[in-house]
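Student: Give me the fold of what follows.
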Amino acid sequence: MKPYLDLQHHHKTSLRQKTWCGLLMAVAVLTCASLGGFGLAHAQSNELGSYQGTIKVTGTEIDPQVSYKASIKINLPVTDRDDDSIDAEFYSGEAPAATVSITQWDEAHTESSPGADGKFVSYQCQLAAPKDISMTPNGVLNVDLEQKVHMFSVTLIGNDEIDLNCVHSRTGPYKRKKGVILYAGTGTPGMQFEHPIAFTDAAHLTANYTLVTDSAQTNAGPIVQEWDLRLAQ
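Tutor: Below is the predicted model:
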């Protein structure tokens, strides 16, 4: 049986890993959003097809403590296609903006040391109302036609903010707006190839999968996912 990654594929993978590790650092400080519409016309005029569908996520963040639920409507234009694989690689602006329905965002934080009064300052926030926001996807999807597995990693950066109703332990109720970053896929950027998922039909990718991230890089806890992506010609 042919090894899972031949030398050429391994070279491509190593390059992707280096690229996406750098991208992850950029995402952390939101600099990717400044790329705007770079490459958008090229991606949307693609004649190789695109994977379209939904990714549902239920996840947590660590600091501050966050619990959230979201449904992502996404369109990933195919950038490379042959008898061995179907690939979609997309930097900021190279894929159409995703529409993301945020239905839960609970956030809380308590200071690790008490104030001068001996009390621990804290706050709690909840999503004011479910909201659809635009988010820019960055990532890669690889469908290996020989091994019949698929792998992907998507980082989504919010173009809009969500509204939160909050309560501070000292000052009381207040309202707040928040930018959102979400992760989805079989791994974080550069790590998606470690968790390939089998498919029966390359034109219809479905799975239920829990993504366990490196919290030191992403500040994210386990992300429970369900996706349904169809290849549109």
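Student: the longest strand in the chain is where?
Tutor: strand 149-168 (DSSP state E).
Student: what residue lies at the spatial centre of this structure?
Tutor: In the chain, the C-alpha nearest the mean C-alpha coordinate belongs to Y183, at 2.5 Å (C-alpha atoms, centre = their mean).
Student: That one pairs with what?
Tutor: Here Y183 sits in beta bridges with T155, going by DSSP bridges.
Student: For the protein, just list every one of the helices.
Tutor: Secondary structure of the chain (DSSP state H): helices located at 7-28, 40-44, 215-218.
Student: quick one, what contacts L48?
Tutor: P77, V78, T79, D80, R81, I86 (C-beta atoms under 8 Å, 6 or more residues apart in numbering). Where C-beta positions appear, they are placed from N, C-alpha and C, glycine not excepted.
Student: Look up the closest residue to the third one, ignoring the ones flanking it.
Tutor: If I follow you right, that is T79. Using C-beta to C-beta, 6 or more residues apart in numbering and skipping residues adjacent in sequence, the residue nearest T79 is E89, 5.1 Å away.
Student: Report the backbone C-alpha coordinates of the longest strand of the chain in CSV.
Tutor: What follows is strand 149-168, C-alpha atoms only, in CSV (Å, rounded to 0.1, in the frame of the first residue of the first chain):
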residue,chain,number,x,y,z
VAL,A,149,-9.9,10.7,4.0
HIS,A,150,-10.3,14.4,4.5
MET,A,151,-8.6,16.9,6.8
PHE,A,152,-9.1,20.6,7.3
SER,A,153,-8.5,23.6,9.6
VAL,A,154,-10.5,26.8,9.5
THR,A,155,-9.9,29.9,11.6
LEU,A,156,-12.8,32.4,11.3
ILE,A,157,-12.3,36.1,12.2
GLY,A,158,-15.4,38.1,12.9
ASN,A,159,-16.1,41.1,10.7
ASP,A,160,-18.9,42.1,13.1
GLU,A,161,-19.2,42.2,16.8
ILE,A,162,-21.7,40.5,19.2
ASP,A,163,-23.5,42.3,21.9
LEU,A,164,-23.2,41.1,25.5
ASN,A,165,-25.1,41.9,28.7
CYS,A,166,-22.7,41.9,31.6
VAL,A,167,-22.6,42.4,35.4
HIS,A,168,-19.5,43.6,37.2
